[in-house]
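**Q** Predicted model and sequence below, questions to follow.
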Amino acid sequence: MKIQVEQLTANEFLWAKEWIKECLPWRDLSCPEEVEELTEQEIISGIKIHYSGGIKQFKLSVEDHIFPSNS
């Protein structure tokens, strides 16, 4: 059984940091500056817990924002 390790693209990583700064959904972060100290894995874990739909939906939302459909 292969364990899949989630990773973020550079754009997803930047969007994740902005999302966290706007929402500060994590009680242990007291100010937006602390977001810059988070590792990629900490951000991914937070997305899985706090983003509606988890990491899969976050990635789709970022892709939709960067490459909006014309429908």
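**A** All right, it came through fine.
**Q** spatially speaking, which residue is in the middle of this protein?
**A** Compute the mean C-alpha point of the chain, and by C-alpha atoms, centre = their mean the closest residue is residue 16, 3.3 Å away.
**Q** contacting residues around that one?
**A** Residue 16 makes contact with 8, 43, 47, 58 under the criterion C-beta atoms under 8 Å, 6 or more residues apart in numbering. Placement of C-beta: from N, CA and C, glycine included.
**Q** one more time with 6 Å, if that's ok
**A** If you count contacts by C-beta atoms under 6 Å, 6 or more residues apart in numbering, residue 16 has them with residue 43.
**Q** Assign a three-state SS to it, would you?
**A** Taking DSSP: H, G, I helix; E, B strand; the rest coil as the rule, one finds residue 16 in the helix state.
**Q** ditto for residue 48
**A** Under three-state DSSP, the three-state class of residue 48 is helix.
**Q** Which pLDDT does the model give the residue nearest to the centre of the chain?
**A** Residue 16 is assigned 93 on the pLDDT scale.
**Q** how much space between it and residue 37?
**A** According to C-beta to C-beta, to the nearest Å, residue 16 stands 14 Å off from residue 37.
**Q** cool, residue 21 as well?
**A** For residue 21, the distance to residue 37 (C-beta to C-beta) stands at 12 Å.
**Q** okay, and for the protein, where does confidence drop off?
**A** In the predicted model of the chain, residues 1-5, 24-27, 67-71 satisfy pLDDT under 70.
**Q** Recalculate using a threshold of 80.
**A** 1-5, 24-30, 65-71 (pLDDT under 80).
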